[in-house]
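J.: how would this look folded up:
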Amino acid sequence: MDEVRIVIDSAGGMQGGTGRLKVELEAFLVDRHLPVRVIGRDRYLTPTWLMLREAHAGPVPVTVSLNNVAFAWRGTERRVLVHNALHFLSPAEQGSLALAPRSLRMQIPVVRRMLRRADVIVVPCSAMAERVSARVPAVRDRLLVLGNPVSPVGPRVPGGEPSILVPVVLSPYKNVASELRVLLAALDRRAAPQRVKLTAYAHELPADLVGHPRLDLLGRLPHHELTEHWRRATGVFFPCVLESFGYALAEARVYGLPVLAPETGQTREIAGDALVPYRLSDIDSLTDALDGLNRDVVPEPHAFERGAYFTRLLGLRPATVEEAPQPAPAGP
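T.: This is a model prediction of the structure:
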């Protein structure tokens, strides 16, 4: 490998969208000879680590942080990926913070203050760019919108039992339980054949949902196991509104699956033609939207291409990145 010129800090969350991003990063780096070193793979994001990483990084031209907090000193050019909407809530959304862990609330001033140390601030969608701009106007001109990378793993596998996948890591501020009740009621009203597969455990849900005959609880699955459910699902349900990106929307698009979700600029931007919109908490709206699960959606396997994403995130010259083989296009 050439002399290291880019240090990436990947400390922090291992589940949900953060964990998925790390899977894509490791796949991008494998078999490529790039002047890149990754630190913090198995570290929690703590104040101690934020100090230690400056020493671990050493004197390199470029530092890249994947965990919302820009490097303070290391790097002639400092890049940071900002992907937590809770750090940039509007005044009307502040009530959601009451349900968030105290540790997250304490992160907010640190994340915002450290943005001023960054030269390039990458956000995963236009709505997130607007959030950051509204809360930290001084960094508006440093924002770069890049949809997170999403690589399908093999083609769809049609047939079998019709199912709606709900691939959400449950958190108190997410409106999953209440919207799941609406979905189950809409399916029962239609006497629809679909089962609902939720990535959660029984102890995370109210008792009335745990015992529902349509609902299958998958638990928290690693990415390589969840992909099998993506390939076999016939539809997706993603009711979350406080998201910086929404991996389920992007996955639905690359696999060619209709996704039931609230219609916003963000869901339309990410899901594209895969979006089947409904009005939140409205059983009539969701019952009507179920018809959209029967339409064909053209897969877009390269809509969030891994190589292009990391080339821009890391500030690499495209000519220096030798592409690894890509997965076969998803299709029926």
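J.: how about low-confidence regions in the protein?
T.: 1-2, 319-332 (pLDDT under 70).
J.: looking at this, residue 289 is in a helix?
T.: Yes: Residue 289 forms part of a helix when assessed by DSSP: H, G, I helix; E, B strand; the rest coil.
J.: and the strands in the chain?
T.: 6-9, 36-39, 62-65, 77-81, 120-123, 143-145, 163-166, 195-198, 215-217, 235-237, 259-262, 275-278 (DSSP state E).
J.: just checking: what are the partner strands of the third one?
T.: According to DSSP bridges, strand 62-65 forms sheet pairs with strand 6-9 (parallel), strand 77-81 (parallel).
J.: can I get those in a markdown table with distance to residue 219?
T.: No exception for glycine: its C-beta is placed from N, CA and C like everyone else's. Formatted as a markdown table, those follow (distance: least, C-beta to C-beta, whole Å):
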| stretch | distance to residue 219 |
| --- | --- |
| strand 6-9 | 29 |
| strand 77-81 | 28 |
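J.: how's the chain carved up into domains?
T.: Annotated domains of the chain cover 6-150+304-320, 163-294 [automatic domain parsing].
J.: ok, back up a step: can you tell me which of the strands paired with strand 62-65 is packed in deepest?
T.: Sort the strands paired with strand 62-65 by mean neighbour count, taking mean count of other C-beta atoms under 10 Å, and strand 6-9 sits at the top with a mean of 24.
J.: and that strand, C-alpha only, in PDB?
T.: The C-alpha trace of strand 6-9 is given here as PDB (Å, rounded to 0.1, in the frame of the first residue of the first chain):
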ATOM      1  CA  ILE A   6      -6.400   9.300   4.600                       C
ATOM      2  CA  VAL A   7      -7.400   8.200   8.100                       C
ATOM      3  CA  ILE A   8     -11.000   7.200   8.700                       C
ATOM      4  CA  ASP A   9     -12.500   7.100  12.100                       C
END
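J.: re earlier: turn the strands of the chain into a markdown table, including distance to residue 247.
T.: Converted to a markdown table, the strands of the chain look like this (distance: least, C-beta to C-beta, whole Å):
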| stretch | distance to residue 247 |
| --- | --- |
| strand 6-9 | 20 |
| strand 36-39 | 21 |
| strand 62-65 | 20 |
| strand 77-81 | 14 |
| strand 120-123 | 15 |
| strand 143-145 | 16 |
| strand 163-166 | 12 |
| strand 195-198 | 15 |
| strand 215-217 | 20 |
| strand 235-237 | 11 |
| strand 259-262 | 11 |
| strand 275-278 | 14 |
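J.: quick one: which of these is nearest residue 153?
T.: Ranking the strands of the chain by proximity to residue 153 (C-beta to C-beta) places strand 163-166 first, at 14.5 Å.
J.: show me what that closest one is packed against.
T.: helix 176-190, strand 195-198, helix 223-232, strand 235-237 (3 or more C-beta pairs under 8 Å, 6 or more residues apart in numbering; DSSP states H and E).
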